[in-house]
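S.K.: Okay, here's the prediction I keep looking at, along with the sequence it came from:
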Amino acid sequence: MTDYDLLRLLYRYLDKEALFREHPELTKQDLDGLFRRLAAATKAPRTELLAYFDGATQGNPGSSAAGVIILDKEGNTIEELGLPLGKCTNNEAEYKALLIAVERLLELKASHITLVTDSELLYNQFQGTYRIKQPHLAQLHLRAREFLRQFASWKIELIPRGENKRADSLASTALAQLK
């Protein structure tokens, strides 16, 4: 049995309810984050990874959240994240979801990445087809570009909204938890 297999068993059989009762300062996100980091440390690094991402808002601007799914090149899910972002616009939420995905891909030590979005604006801004008119989006764009320089290669793909349902669902679930 590998360290990774053992870690998966520990997580599965851990009495999480008792842990949270005895330590109310802990959250499910704390525990999940710890196990994700430990799992990443026990596995051989994956150099080619794919990230689907999406941002969601209630109002524009309004409460927002991000959804990110990271897959290996065989299509196996490595991680799913749904995180609140605070108050921002729809486009800011898309950029912040991208940044979360890229930062996580760096933590996983990926070297070749594919970013998948349903945001035409974000995609076209990265392709250089659309100018970035809003200063706050330009800052997020520059920050993302700085992160992307750290990869051996990267590309961004545009897909129809219907093909990004899981990332959208993760963002929507995180958004609903803000209520």
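M.R.: Ah, there it is. Everything numeric here is computed off the predicted structure, so don't read it as measured data.
S.K.: Where do the strands of the chain begin and end?
M.R.: Secondary structure of the chain (DSSP state E): strands at 48-59, 62-72, 77-88, 112-117, 153-158.
S.K.: Dump these into TSV; add distance to Thr173, mean neighbour count and mean pLDDT as well.
M.R.: C-beta: built from backbone N, CA, C; applies to glycine. Formatted as TSV, the strands of the chain follow (distance: least, CB to CB, whole Å; neighbours: other CB atoms under 10 Å; pLDDT from 0 to 100):
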stretch	distance to Thr173	mean neighbour count	mean pLDDT
strand 48-59	9	23	96
strand 62-72	8	23	96
strand 77-88	5	18	94
strand 112-117	19	21	98
strand 153-158	24	14	97
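S.K.: Quick one, which of those strands gets closest to Leu137.
M.R.: For Leu137, the closest of the strands of the chain is strand 77-88, at 10.4 Å, according to CB to CB.
S.K.: circling back to that earlier point, so for Arg36, which of the strands of the chain sits nearest?
M.R.: Across these, closest to Arg36 is strand 77-88 (CB to CB), at 5.9 Å.
S.K.: List the neighbouring strands of the closest one plus their orientation.
M.R.: Applying DSSP bridges, strand 77-88 is found paired with strand 62-72 (antiparallel).
S.K.: by how many degrees do the strand it pairs with and strand 112-117 diverge?
M.R.: Calculated by axes from the mean of the first three to the mean of the last three CA atoms, to 10 degrees, strand 62-72 forms an angle of 140 degrees with strand 112-117.
S.K.: May I have strand 62-72 as PDB, with CA atoms only?
M.R.: Taking C-alpha atoms only, strand 62-72 is exported to PDB below (Å, rounded to 0.1, in the frame of the first residue of the first chain):
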ATOM      1  CA  GLY A  62     -22.300  41.400  -6.100                       C
ATOM      2  CA  SER A  63     -21.300  38.400  -4.000                       C
ATOM      3  CA  SER A  64     -19.200  36.100  -6.000                       C
ATOM      4  CA  ALA A  65     -17.500  32.700  -5.900                       C
ATOM      5  CA  ALA A  66     -15.100  30.600  -8.100                       C
ATOM      6  CA  GLY A  67     -15.300  27.000  -9.200                       C
ATOM      7  CA  VAL A  68     -12.100  25.100 -10.300                       C
ATOM      8  CA  ILE A  69     -11.600  21.500 -11.400                       C
ATOM      9  CA  ILE A  70      -8.100  20.200 -12.000                       C
ATOM     10  CA  LEU A  71      -7.600  17.000 -14.100                       C
ATOM     11  CA  ASP A  72      -4.600  15.000 -15.100                       C
END
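S.K.: Alright, I will stop here.
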